[in-house]
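# I would like the atomic coordinates for the input below:
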Amino acid sequence: MSEKPDDIPYDRQPYTAGETVEVSPLVRRLIAPNRGPFTFTGTCAYIVGRGRVTVIDPGPDDEAHMAALLEATKGEKIDHILVTHTHRDHSPGARRLRALTGAPILGCKPHVTIEDAPSGRLDASHDLDHDPDQAMEDGERLIGDGYNLTAVHTPGHASNHLCFAFEEENALFSGDHVMAWSTTIVAPPDGHMSDYMASLDKLRARNEAIYWPGHGGPVRDPQRFVRALAGHRRYREGAIVTAINNGLDTIPAIVAKIYESLDPRLTGAASLSVLAHLEDLVARGVVDAGGPATLTARYARR
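Okay, here's the model as predicted:
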């Protein structure tokens with residue numbers, strides 16, 4: 001859902017679900033069969049290491065996908081299961097994989113349910129049954145057999161979102177925070193725009209040479225890519241303010257104006273993305289909503 005797609009060097013080539021692909025000397029990728037408008041060709045599960053391995057983001061609780069993960073690691077031992085965040089296309093498979101292998105679940109904290117969200121909705125995309133054996137804090141390191149993975153807290157897409165820095169290959173498993181196929185959805189109540197922008201700044205200060213995201217192919221030249229994402233968000237914010245200045249005072253009207261050729265299936269996500277920007281603009285005193293920013297509020301420039 002990019003306003004100016006040419007500003008971001010997207011990689012939208014299709015990747016095949018169900019095939020285990022060696023993407024680097026110590027990383028294999030297996031894509032779950034959950035293709036969709038929000039998941040692209042499916043959720044990327046990563047197998048890190050050789051012999052004694054860690055699986056990152058097993059994905060949905062899909063029997064065939066779990067069988068494929070076990071086949072891909074046949075003759076090896078799954079020591080750990082890592083989860084970047086608790087959206088239902090990433091974390092439910094972790095519990096099935098734990099039951100099948102005995103490997104502990106580590107990574108993100110359980111999702112905290114927001115009962116009275118200003119958006120007027122609960123975030124139904126979260127896996128509320130996520131039950132990690134150990135929640136990792138920012139900077140905490142998992143020491144594997146011949147590799148290390150360090151948690152990097154990157155809230156914004158989800159409040160509990162973690163990336164994992166892979167020291168041996170100067171890489172980052174970026175979950176849904178940065179993806180090469182699309183901009184990331186920031187959807188209130190759990191998604192928060194100012195947190196997302198701060199997390200982009202945090203990643204820009206790092207020096208990883210490649211990102212392995214939760215959907216799609218790798219993010220190459222990630223500092224440039226992240227800079228483009230931040231620029232896109234600033235452009236989007238400016239377009240929203242301009243729309244309000246021109247008399248468009250509701251989120252549906254703003255979405256219709258600033259999203260060109262939008263897939264109708266993504267209208268709800270686009271509305272929440274605009275809301276995330278408006279929450280931030282209201283908090284900064286740039287826009288007035290006559291109260292908290294919600295999907296149904298009317299907006300005016302201060």
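# With adjacent residues omitted, what lies nearest to residue 126?
residue 111 (4.2 Å; CB to CB, 6 or more residues apart in numbering). Quick note: C-beta positions are derived from backbone N, CA and C, even for glycine.
# Let me see the contact set for the one you found.
By CB atoms under 8 Å, 6 or more residues apart in numbering, the contact list for residue 111 reads 86, 123, 126-128, 130, 158-160, 190.
# in a strand, that's where it is, yeah?
No - Residue 111 sits outside any strand when classified using DSSP: H, G, I helix; E, B strand; the rest coil, being coil.
# Would you double-check that residue 198 falls in a helix?
Yes - counting by three-state DSSP, residue 198 is part of a helix.
# Check it and give its pLDDT.
On the pLDDT scale, residue 198 is placed at 98.
# now residue 15
The model's pLDDT for residue 15 equals 87.
# Compute the number of surrounding residues for it.
Per other CB atoms under 10 Å, the neighbour tally for residue 15 reads 17.
# my read: it touches residue 218, true?
No - using CB atoms under 8 Å, residue 15 is not in contact with residue 218; the gap is 10.3 Å.
# Sort the contacts of residue 111 by pLDDT and name the bottom one.
Minimum pLDDT across the contacts of residue 111 falls on residue 123, with 55.
# where along the stretch 51-200 of the chain do the strands fall?
52-56, 77-83, 105-107, 134-135, 141-143, 148-153, 162-166, 171-175 (DSSP state E, counting those that start in this stretch).
# Looking at those, spot the one closest to residue 35.
strand 171-175 (18.2 Å; CB to CB).
# Average pLDDT for the closest one, rounded please.
The model assigns strand 171-175 a mean pLDDT of 98.
# What strands line up against it, and which way round?
strand 162-166 (antiparallel), strand 210-213 (parallel) (DSSP bridges).
# Quick one: closest of those strands to residue 47.
strand 210-213 (11.2 Å).
# low-scoring stretches of the stretch 1-150 of the chain, by residue?
For the stretch 1-150 of the chain, the stretches flagged by pLDDT under 70 are 1-7, 113-124.
# Dig out what residue 213 forms beta bridges with.
Bridge pairing for residue 213 - DSSP bridges - gives residue 175.
# hang on, isn't it packed against residue 46?
No - between residue 213 and residue 46 there is no contact under CB under 8 Å: 9.9 Å.
# Between these two, which is the more surrounded one?
Higher neighbour count among residue 213 and residue 46: residue 213, with 27 against 24, using other CB under 10 Å.
# Let me see the confidence value for the more buried one.
On the pLDDT scale, residue 213 gets 98.
# Just give me the residue closest to the centre of this protein.
Centroid-nearest residue in the chain: residue 176, 1.8 Å away (criterion: CA atoms, centre = their mean).
# Now for it: which residues touch it?
84-85, 87, 90, 157-158, 161, 184-185, 213-215.
# ok, now residue 100?
Contacts of residue 100 by CB under 8 Å, 6+ apart are 66, 70.
# Without its sequence neighbours, what residue ends up closest to residue 151?
residue 136 (4.1 Å).
# what does residue 275 give?
residue 188 (5.4 Å).
# correct me, but the one you found touches residue 277?
No - between residue 188 and residue 277 there is no contact under CB under 8 Å: 10.1 Å.
# circling back: could you check how far the residue nearest to the centre of the chain is from residue 57?
Taken as CB to CB, to the nearest Å, the spacing of residue 176 relative to residue 57 amounts to 9 Å.
# which residues are common contacts for these two?
84, 90, 214.
# now the second one: how far from residue 34?
Separation of residue 90 from residue 34 (CB to CB): 10 Å.
# who's more crowded, those two?
residue 90 (31 against 19).
# thinking again about what came up before, I'd like the strands of the stretch 51-200 of the chain written out as a markdown table, with mean neighbour count and distance to residue 255 added.
Shown next, in a markdown table, are those (neighbours: other CB atoms under 10 Å; distance: least, CB to CB, whole Å):
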| stretch | mean neighbour count | distance to residue 255 |
| --- | --- | --- |
| strand 52-56 | 23 | 34 |
| strand 77-83 | 23 | 31 |
| strand 105-107 | 25 | 33 |
| strand 134-135 | 14 | 36 |
| strand 141-143 | 14 | 41 |
| strand 148-153 | 20 | 30 |
| strand 162-166 | 26 | 29 |
| strand 171-175 | 27 | 26 |
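# Arrange those in CSV, one row each, with distance to residue 69 as further columns.
Converted to CSV, these look like this (distance: least, CB to CB, whole Å):
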stretch, distance to residue 69
strand 52-56, 6
strand 77-83, 8
strand 105-107, 14
strand 134-135, 21
strand 141-143, 18
strand 148-153, 18
strand 162-166, 18
strand 171-175, 16
